[in-house]
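A.B. asks: just a sequence and a predicted model for now, questions to come.
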Amino acid sequence: MDKDTFEEIRQFAIDKEIEAEELYSRMAAEAELPHVQELFEDLAAEERKHQRMLENINVDKVTDADLAPVQDLRLSDYLVEQEFRPDMSYQDVLILAMKREERSMELYRNLANQTAGELRKIFEFLAREETKHKERLQREYDEFILSEN
């Protein structure tokens, strides 16, 4: 893979992380409930962490362990997309965030399936990172929403 292609992919991924961080930060500022604000702030911090990771990524250092599958509870497959509202419930925030991470994960999986070699490896790595985000949110949903019912 040439350096320009790698840089374009990396910048694309960084831009997606910046976009997500800005969105979560804006939603945190607009949310009315403290625990909802806190979740959005945590999500924004995760996106900043991913941005820094991408800024320092080296495709030669991505190992098989970095590409190992992450369990997906697939809870979000059965949930309806949510639009942001300042007064949204914790449950709705989790759904909104899960669906957003799911879309990012699918984007990178689709890109991985359309490429080969090092490009595929980078997209698989990015898809795995988004899957980890989604899984964290699904476990939170399972623990705090489904367990209460």
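C.D. replies: Arrived safely, thanks for sending. In this text the structure is predicted, and so the values were computed from the model without any measurement. Numbers count the residues shown, from 1 in each chain.

A.B. asks: remind me what the helix-or-strand element of the chain with minimal mean pLDDT packs against, helices and strands.
C.D. replies: None of the helices or strands of the chain scores lower by mean pLDDT, DSSP states H and E than helix 117-141, at a mean of 87. Using 3 or more CB pairs under 8 Å, 6 or more residues apart in numbering; DSSP states H and E as the contact test, the elements touching helix 117-141 are helix 3-30, helix 34-55, helix 90-113. Every C-beta, even on glycine, is put in place using the N, C-alpha and C of the backbone.

A.B. asks: again, 6 Å this time
C.D. replies: Using 3 or more CB pairs under 6 Å, 6 or more residues apart in numbering; DSSP states H and E, the elements in contact with helix 117-141 are helix 90-113.

A.B. asks: now the angle between helix 117-141 and the helix it packs on, please.
C.D. replies: 160 degrees (axes from the mean of the first three to the mean of the last three CA atoms, to 10 degrees).

A.B. asks: contacting residues around helix 90-113?
C.D. replies: 35-36, 39, 43, 76, 79, 81-82, 120, 123-124, 126-127, 130-131, 133-134, 137, 140-141, 145 (CB atoms under 6 Å, 6 or more residues apart in numbering).

A.B. asks: quick one on the thing from earlier: which parts of the least confident helix or strand of the chain are buried?
C.D. replies: Judged by neighbour count (16 or more other CB atoms under 10 Å), helix 117-141 contains these buried residues: 119-138, 140-141.
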